[in-house]
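1. Sharing a model that was predicted from the sequence below.
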Amino acid sequence: MANTDYQLIILGGGPAGLTAGLYAARDQLNVLLVEKGVVGGQVLVTDWIDNYPGFPDGLSGSDLVEKMAAQVARFGLKTRNGNVVKVELSEATKKLTLESGEELTSQALIICTGARPNKLGIPGEEKLTGKGVSYCATCDGPFFRDQEILVVGGGDTAVQEADFLTKFASKVTIIHRRDTLRATKVLQEKAFANERIEFIWNSNVIAVEGVKEVERVRLRNNNDKEKEIAVSGIFILIGTIPNNEILPLDQLGTDKHGFIKTDQEMRTKIPGVMAAGDIRSKTVRQVINGAGEGAVAAIAAEHYLSELD
């Protein structure tokens with residue numbers, strides 16, 4: 001058995017990483033969680049969470065992270081703040097190199113580096129994120145009952161989520177920079193048949209405006225004509241980017257978008273390497289299934305380590 005710093009390293013401290021750390025520390029593994037920023041991941045920028053079991057009144061994303069972090073601390077999970085710049089998985093020993101040059105080694109690794117939404121990069125977007133600007137219809141749709149909202153995008157996700165949002169909103173307007181959608185025909189037909197969905201073609205959102213929350217958006221069409229639309233929310237659904245820049249993707253195996261493929265036990269094709277949370281190739285990215293995957297990955301890691309003894 002290789003001599004390593006740790007039995008298990010968890011790379012990333014979002015819900016998946018924290019839950020993996022909880023299970024591993026509770027099982028008394030020699031485990032380290034490495035996070036380049038503050039633990040919590042995308043949950044930290046989530047204003048309010050209504051659909052996480054056990055909290056009937058809901059809670060803020062930061063409150064949920066605080067409770068998760070306190071729980072893992074109770075079991076003595078070791079954490080390290082550091083920016084990993086290189087991940088080496090060719091040998092039995094997994095090696096992470098930090099920006100400082102320090103190397104960390106382990107027998108098993110769980111990758112929980114997460115993903116981030118594509119953003120428009122326009123004025124008001126960052127300021128009003130969580131205050132009417134959203135990147136997740138499932139997460140935030142119920143907050144917009146009987147209100148008018150805007151969906152940006154023309155692909156499968158945007159069109160499908162626009163249809164979903166009509167369960168809550170009084171009107172959903174899809175804005176697309178072209179004159180045709182990219183979504184599959186069956187999704188397009190469903191959207192065109194939905195009386196609550198309207199379309200604005202050949203246009204881009206150039207600003208989101210509001211004092212404390214979204215009040216309106218400014219649009220510019222392909223003829224450079226601008227106009228304002230009063231809305232309570234804007235869902236920007238133009239894709240998700242995996243945080244995979246430091247990973248050896250050719251070894252791990254990914255889908256066409258760069259998300260890591262795993263089996264049902266969260267195992268990648270490299271023995272001793274698991275992936276969990278938003279970095280995984282999957283269709284649903286929610287806090288709850290990220291946490292569940294973290295638990296499964298930790299159990300898979302424990303099984304792998306037990307076979308090395």
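-> Everything's here; your move. Residues are numbered from 1 along each chain as shown.
2. What strands line up against the top strand by length along the chain, and which way round?
-> Using DSSP state E, we find that the single longest strand of the chain is strand 103-111. Sheet pairing for strand 103-111, assigned by DSSP bridges, gives strand 6-11 (parallel), strand 94-98 (antiparallel), strand 273-275 (parallel).
3. list the buried ones in it?
-> Residues of strand 103-111 classed as buried: 104, 105, 106, 107, 108, 109, 110, 111 (neighbour count, 16 or more other C-beta atoms under 10 Å). The way it works is simple: take the backbone N, C-alpha and C, and place the C-beta from them, glycine included.
4. Might one say that the third one is in contact with residue 5?
-> Spelled out, it's residue 106. Yes: Residue 106 is within contact range of residue 5, at 6.6 Å (criterion: C-beta atoms under 8 Å).
5. Residues in contact with both of these two, list them for me.
-> Shared contacts of residue 106 and residue 5 (C-beta atoms under 8 Å, 6 or more residues apart in numbering): residue 32.
6. Next up, the contacts around residue 15.
-> 41, 43, 68, 277, 287, 290, 291, 294.
7. Neighbour count and secondary structure for those - can I get that in a markdown table?
-> Shown next, in a markdown table, are these (neighbours: other C-beta atoms under 10 Å; DSSP: H, G, I helix; E, B strand; the rest coil):
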| residue | neighbour count | secondary structure |
| --- | --- | --- |
| 41 | 29 | helix |
| 43 | 23 | helix |
| 68 | 23 | helix |
| 277 | 33 | helix |
| 287 | 25 | helix |
| 290 | 27 | helix |
| 291 | 23 | helix |
| 294 | 29 | helix |
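8. Could you look up the SS state of residue 63?
-> helix (DSSP: H, G, I helix; E, B strand; the rest coil).
9. Next: residue 34.
-> strand.
10. in the host helix or strand of residue 21, what's buried?
-> For residue 21, the host element (DSSP states H and E) is helix 15-26. Using 16+ other C-beta under 10 Å as the test for burial, helix 15-26 gives 15, 16, 17, 18, 19, 20, 21, 22, 23, 24, 25.
11. Tell me how far the first one lies from residue 80.
-> When you say that, I think you mean residue 15. 19 Å (C-beta to C-beta, to the nearest Å).
12. Then the fourth one?
-> Shown here: residue 18 relative to residue 80, a distance of 14 Å by C-beta to C-beta.
13. do the last one as well
-> Residue 25 sits 14 Å away from residue 80 when distances are taken as C-beta to C-beta.
14. Give me the common contacts of those two.
-> Common neighbours of residue 25 and residue 80 (C-beta under 8 Å, 6+ apart) do not exist.
15. Relative to the whole chain's centre, how far out is the longest strand of the chain?
-> From the chain centre to the centre of strand 103-111 is a distance of 22 Å (C-alpha atoms, centre = their mean, to the nearest Å).
16. go on, stretch 246-258?
-> 17 Å.
17. And for stretch 291-299?
-> 16 Å.
18. Alpha carbons only: can I get that stretch in PDB?
-> The C-alpha coordinates for stretch 291-299 follow below in PDB (Å, rounded to 0.1, in the frame of the first residue of the first chain):
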ATOM      1  CA  ALA A 291     -25.300  16.000  -1.300                       C
ATOM      2  CA  GLY A 292     -26.600  12.500  -2.000                       C
ATOM      3  CA  GLU A 293     -23.900  11.900  -4.500                       C
ATOM      4  CA  GLY A 294     -21.300  13.100  -2.000                       C
ATOM      5  CA  ALA A 295     -22.500  10.400   0.400                       C
ATOM      6  CA  VAL A 296     -22.400   7.700  -2.300                       C
ATOM      7  CA  ALA A 297     -18.900   8.700  -3.400                       C
ATOM      8  CA  ALA A 298     -17.600   8.600   0.200                       C
ATOM      9  CA  ILE A 299     -19.000   5.100   0.700                       C
END
